[in-house]
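Asker: dropping a prediction and its sequence here:
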Amino acid sequence: MKLAVGQMEPQICNPEENLSRVKSILEEADKDKVDVLVLPEL
């Protein structure tokens with residue numbers, strides 16, 4: 001099982017940017033075959 005912890009600084013005023021960042025983190029985790037992804041800031 002592969003575990004990854006993502007880092008991002010959510011922007012309260014800019015939800016579109018947050019979604020874009022989460023999407024790119026998820027795509028990268030998928031490429032790396034990650035089983036569990038943790039985003040502690042969310």
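Answerer: Sure, I can see it. Residues are numbered from 1 along each chain as shown.

Asker: strands of the protein, start to end?
Answerer: Under the criterion DSSP state E, the chain contains strands at 3-5, 36-38.

Asker: redo those strands as JSON lines? Include mean neighbour count and mean pLDDT.
Answerer: In short, each C-beta sits where N, CA and C put it, glycine included. As requested, those are arranged in JSON lines below (neighbours: other CB atoms under 10 Å; pLDDT from 0 to 100):
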{"stretch": "strand 3-5", "mean neighbour count": "11", "mean pLDDT": "93"}
{"stretch": "strand 36-38", "mean neighbour count": "13", "mean pLDDT": "94"}
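
Asker: could you dump the ones you listed to a markdown table with distance to residue 29?
Answerer: Output for the strands of the chain, formatted as a markdown table (distance: least, CB to CB, whole Å):
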| stretch | distance to residue 29 |
| --- | --- |
| strand 3-5 | 6 |
| strand 36-38 | 5 |
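
Asker: what's the local residue count around residue 16?
Answerer: Neighbours of residue 16 under the rule other CB atoms under 10 Å: 8.

Asker: what of residue 2?
Answerer: Using other CB under 10 Å, residue 2 is surrounded by 10 other residues.

Asker: name all residues that make contact with it.
Answerer: Shown in contact with residue 2 (CB atoms under 8 Å, 6 or more residues apart in numbering): 32-36.

Asker: which one of these is nearest to residue 1?
Answerer: residue 35 (4.7 Å; CB to CB).

Asker: in this structure the closest one contacts residue 29, no?
Answerer: No. Here residue 35 does not reach residue 29: they are 9.1 Å apart, not a contact under CB atoms under 8 Å.

Asker: of these two, who's got more company?
Answerer: Legend: neighbour count by other CB under 10 Å for residue 35 and residue 29, higher for residue 29 (17 against 9).

Asker: I figured that one hits residue 37, correct?
Answerer: Yes. Using CB under 8 Å as the test, residue 29 is close enough to residue 37 to be in contact (4.7 Å).
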